[in-house]
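[1] build the 3D model from these lines:
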Amino acid sequence: MSRIDDAVTRILILKYKVGLFDNPYPEPAAVPNFGKPSYQTLALEAAHESMTLLKNKDDILPLSKSTKILVAGPSAQSISALNGCWSYTWQGKEEQWYPADSKTIYQALSEKLGAGNVVTTTGKGFDNPLNYDIDKMISAASAVDAIVVCIGEDAYAESPGNTRDLALPKEQIALVEAAVATGKPVILVLTEGRPRFITTLEPKVKGILMAYWGGKKAAEAVADVLFGDYNPDGILPFSYPKSMGEIVLYDRKPTEEIREVFNDNINSGYDPLYPFGFGLSYTSFGYDALTLSSSTLTAATSIKVSITVTNTGNRSGKHTVELYSRDLYASITPSMKRLRAFQKINLQPGESRKVEFVISKEDLAFVNAKLKTVTEPGTFEVMIGDKKASFTYK
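    You can find the predicted model right below:
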């Protein structure tokens with residue numbers, strides 16, 4: 001009990017210090033702000049920008065609005081699978097508590113294309129048995145041009161969401177494989193709070209959209225991206241793993257870059273299905289030379305890193321410019337790369353823009369063997385896209 005009292009005391013002291021006990025109620029002026037229409041706009045914007053296009057073989061996407069599609073999979077008519085945990089309830093699965101105007105992916109696609117161009121064999125709710133009726137799906141596929149299969153996870157929070165296996169349920173795998181077997185182009189929409197393995201499915205489908213748990217406007221955002229009303233610009237905040245035994249983080253050590261696996265006679269290491277920071281667009285971007293304001297950095301100075309980015313495609317789009325650094329030598333094994341900064345810019349077709357970052361010694365610091373945060377003298381590299389430059393810290 002004394003240990004619990006000690007922990008609770010620290011929490012209460014902090015709450016007193018920040019004034020939570022002085023006025024524990026929200027200010028009256030905040031009440032009219034509840035549920036403002038502008039919040040819906042912001043929710044759609046957030047969902048748009050988070051969507052990550054992982055695959056677009058043969059430019060299958062965006063689909064034409066004259067395309068007739070079949071919407072399949074457990075996430076097709078599930079609101080909870082779009083919002084995730086702590087959405088109105090702890091686990092987020094109780095759909096009766098969601099706002100009445102919340103849309104499913106099937107609803108959003110039907111509104112965009114017209115009900116006559118969208119068919120489904122699914123039922124409401126993630127666990128509805130209709131979602132896995134393969135025979136009905138195959139029959140319905142004969143009358144459509146493409147199949148959108150919505151798979152992944154239902155909402156979960158904390159311990160109830162724990163899993164021993166990141167593999168998708170076998171029912172979902174069978175559903176996707178059956179859709180592929182119809183010969184119609186298949187686009188996967190992934191609604192998940194963590195990467196579930198799609199390694200065996202990825203080569204078989206034409207397109208993959210990572211929708212995560214996009215929130216209140218996730219369904220509308222999925223529809224906008226699939227049919228080109230929004231050009232996807234999200235990038236992966238993690239490395240999408242390829243296999244259970246080779247989950248290596250992007251800021252890996254050199255010993256994790258390439259590892260010998262003698263039993264399989266291959267070199268592996270950092271070999272994800274999709275790397276950290278990956279994301280496709282409906283346009284393309286190019287980089288000019290990476291330049292530094294100085295070749296030397298000191299504790300009292302900083303270095304400006306500059307690069308020119310050009311939209312080399314034929315439609316406008318947002319693009320995230322990522323700045324990575326690498327310490328070539330250090331007292332402990334340095335990472336192969338570390339994300340130091342990023343900027344998202346919006347460019348029209350043919351437009352170029354100069355993007356600048358400023359690096360100081362704090363940006364290059366790490367925790368050494370003595371648990372001290374230090375920046376050690378030596379040579380560093382900075383990388384943006386396929387461009388790199390080096391400087392010395394003294």
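
[2] residue contacts, the spatially closest residue to I60 that is not a sequence neighbour?
    Once flanking residues are discounted, I60 sits nearest to K206: 4.1 Å by Cβ to Cβ, 6 or more residues apart in numbering. Bear in mind the C-beta positions are built from the backbone N, C-alpha and C, glycine included. Listed by Cβ atoms under 8 Å, 6 or more residues apart in numbering, the contact partners of K206 are 55-58, 60, 146, 185-187.

[3] least confident secondary structure element in the protein?
    Least confident helix or strand, the chain: strand 266-269 with a mean of 68, by mean pLDDT, DSSP states H and E.

[4] which pair in the contacts of K206 spans the largest distance?
    Distances among the contacts of K206 were taken as Cβ to Cβ; the most separated pair is K55 and A146, at 14.1 Å.

[5] could I have the buried ones of the contacts of K206 as ChimeraX selection syntax?
    Those of the contacts of K206 that count as buried under 16 or more other Cβ atoms under 10 Å are selected in ChimeraX with:
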select :55,56,60,146,185,186,187
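
[6] quick one: which of the contacts of K206 is nearest S239?
    Closest to S239, out of all of the contacts of K206 and judged by Cβ to Cβ, is K55, at 15.8 Å.

[7] neighbouring contacts of the strand or helix carrying the closest one?
    Using DSSP states H and E, K55 sits within strand 52-56. Strand 52-56 is contacted by residues 61, 202, 205-210, 212, 225, 232, 234-236, 240, 274, 278-281 when judged by Cβ under 8 Å, 6+ apart.

[8] confirm that S325 sits in a helix.
    No - assigned with DSSP: H, G, I helix; E, B strand; the rest coil, S325 falls outside any helix and is strand.

[9] thought it was touching A365?
    No - at 10.7 Å, S325 and A365 do not qualify as touching, with contact defined as Cβ atoms under 8 Å.

[10] which of the two has more residues huddled nearby?
    Higher neighbour count among S325 and A365: S325, with 20 against 14, using other Cβ atoms under 10 Å.

[11] nearest spatial neighbour of the more buried one, skipping sequence neighbours?
    Counting by Cβ to Cβ, 6+ apart, the residue nearest S325 is R340, at 4.9 Å.

[12] I'd say the one you found and L323 touch.
    Yes - assessed by Cβ under 8 Å, R340 is found in contact with L323 at 5.0 Å.

[13] so what sits against both of those two?
    357, 359, 382.

[14] using TSV, please lay out those together with secondary structure, distance to E256 and neighbour count.
    Shown next, in TSV, are the shared contacts of R340 and L323 (DSSP: H, G, I helix; E, B strand; the rest coil; distance: Cβ to Cβ, whole Å; neighbours: other Cβ atoms under 10 Å):
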residue	secondary structure	distance to E256	neighbour count
F357	strand	26	20
I359	strand	25	22
V382	strand	21	25
